[in-house]
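In: got a structure for you, letters missing:
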């Protein structure tokens, strides 16, 4: 009945968020498709709908007095968790007042749920509210401390490894600490990434999430649906390349799988289910081992006609690749091929890149977009391929992330093409980011006085983003136009003159 409070596209989002442990991923997919169909899609009205008061009564066989409660508090706890994680990923396109209102409404729910409370705190930190408030309660902290004292020391035989059913060589060697320290050496706390678009479901992460979040009575089933503590959502730094690992140091099971995969690639035979199972070795490697695997099978040099078969097997893996594994795999498989393009990308390459970007957008941004943009030899062939991905695979969040990447590189005509493609999709740019962009325009303008592509990009800014242009922005853009020496200068000046700043 609660779903019926919503209509049309908003109802589809609610149904997606109600679909259990995959609710966030599905809701993001639904919203992405809605944005493609209508670039003006807004979440503000959708979120405000959850803040409306509803008449209800206390649960139980006996009818109690009626009272009002925000609609969001009437939904199941798992839905509230999914909604908060969904909002976290898209908070940059929502007014802060709307977010604050939603958080205030959720905090009215009683008794509070530990996961919901942690996610609320995480979002409040994002909004600059109470940065010192811990993500877990004092009771949870006491239980963690008690658990740590009950576990064996990490430097003794068995130690932490026995608790996680891992080889002793994989166990951490530091003393016990609070959440975030209980992790394998292969995945440092600073390298943990939560990408809900790719639904990381590594067994070791799930075990750690269950231990650190066990606060509510009878929540074991609920905890199995969540894989990481909310503070893992904060990280956005790329993973450092892992140290070299001797090939002989690979475990025997990985060595065997690598040889099978290498033979499969070199034989050009048909891939059946048993062949696809070999690709599961990717999920068995830590980052350093994966680099050795990629080198052993010479992943950068795989013939392009093999790419769709390999890609299909990777996409069929369960669980999905973790962020670090997907990033390493994509970088090794695709980066060299794309940077060395001397003719338009083949159909096999385009299909592979598009499929991987749709499933793993965040690893693709770090492994491919970032490195291609940084390459001084980037040309139109690379730009055309990246533009296809921007148009067909990336949602607004990753488009904004890609735009920010362009602030760190020297622009050329190819980079201008990518920026123009990003802007043409009508991004929902915050005032702070738009200010950074206009400053970047000003700093680069002197190198493109006769560039028609730069002039067209400026015209897109003045026409599609006129509502975002303040008096300060208008002054900066006016200085850019003074340097322009193309046939579009009069059109640019006319567009700038029509803008009434706020």
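Out: Right, received. Where do you want to start? All values reported here derive from a predicted model rather than from experimental measurement.
In: let me know whether residue 334 touches residue 368 as I believe.
Out: Yes - proximity of residue 334 to residue 368 meets the contact threshold set by CB atoms under 8 Å, at 6.0 Å. All C-beta atoms are positioned from the backbone trio N, CA, C, and that covers glycine.
In: joint contacts of these two?
Out: Common contacts of residue 334 and residue 368, defined by CB atoms under 8 Å, 6 or more residues apart in numbering, comprise residue 353.
In: could you tell me the end-to-end distance of stretch 104-114?
Out: 16 Å (CA to CA, to the nearest Å).
In: mind listing what's buried along that stretch?
Out: If you call a residue buried by 16 or more other CB atoms under 10 Å, then stretch 104-114 has these buried ones: 105, 106, 109, 113, 114.
In: what about the residue lying closest to the fourth one once chain neighbours are set aside, neighbour count?
Out: The spatially closest residue to residue 113, leaving aside those adjacent along the chain, is residue 77, at 4.9 Å (CB to CB, 6 or more residues apart in numbering). Neighbour count of residue 77, defined by other CB atoms under 10 Å: 16.
In: equivalent analysis for residue 19, please.
Out: 15.
In: how close does it sit to residue 72?
Out: With distances defined as CB to CB, to the nearest Å, the gap from residue 19 to residue 72 amounts to 17 Å.
In: same check, this time on residue 478
Out: Taking CB to CB as the criterion, residue 478 is separated from residue 72 by 46 Å.
In: more neighbours: which of these two?
Out: In terms of neighbours (other CB under 10 Å), residue 72 is the more surrounded of residue 478 and residue 72; the figures are 23 against 13.
In: so who does the more buried one touch?
Out: With contact taken as CB under 8 Å, 6+ apart, residue 72 is in contact with 50, 51, 80, 83, 102, 105, 106, 109.
In: and what of residue 31?
Out: By CB under 8 Å, 6+ apart, residue 31 lies in contact with 13, 41, 43, 90, 395.
In: swap in residue 486?
Out: The contact partners of residue 486, taken as CB under 8 Å, 6+ apart, are 450, 451, 452, 455.
In: circling back: next one, pLDDT for the residue nearest to residue 113 please.
Out: What the model reports as pLDDT for residue 77 is 84.
In: I'd say it and residue 111 touch.
Out: No - proximity of residue 77 to residue 111 does not meet the contact threshold set by CB under 8 Å, at 10.4 Å.
In: can you give me the buried ones in the host helix or strand of residue 104?
Out: Secondary structure from DSSP states H and E places residue 104 in helix 96-106. Buried positions in helix 96-106, judged by neighbour count with 16+ other CB under 10 Å: 98, 99, 101, 102, 103, 105, 106.
In: that helix: what's the following helix or strand?
Out: Tracing the chain past helix 96-106, the next element assigned as helix or strand by DSSP H and E is helix 114-126.
In: tell me the mean pLDDT over the helix holding residue 104?
Out: For helix 96-106, mean pLDDT rounds to 86.
In: equivalent analysis for stretch 393-407, please.
Out: For stretch 393-407, the mean confidence score works out to 91.
In: go on, stretch 256-271?
Out: Regarding stretch 256-271, the rounded mean pLDDT is 80.
In: domains for the protein, by residue range?
Out: Residue ranges for each domain of the chain read 2-126, 138-228, 247-388, as given by automatic domain parsing.
In: so how far is the first one from its chain's centroid?
Out: In terms of CA atoms, centre = their mean, to the nearest Å, the gap separating the centre of domain 2-126 from the centre of its chain is 20 Å.
In: hmm, who's touching stretch 401-417?
Out: With CB under 8 Å, 6+ apart as the test, stretch 401-417 has contacts from 365, 369-370, 373-374, 376, 378-380, 382-384, 387, 390, 394, 418-419, 422-423, 427, 429, 433, 436-437, 440, 444, 447-448, 451, 453-454, 457.
In: which parts of the stretch 251-400 of the chain are helices?
Out: For the stretch 251-400 of the chain, applying DSSP state H, counting those that start in this stretch gives helices covering 252-267, 273-278, 281-284, 287-296, 307-315, 323-330, 336-339, 347-359, 361-364, 370-374, 380-392, 396-406.
In: closest to residue 493 out of these?
Out: Taking CB to CB as the criterion, residue 493 comes closest to helix 396-406 out of these, the separation being 25.2 Å.
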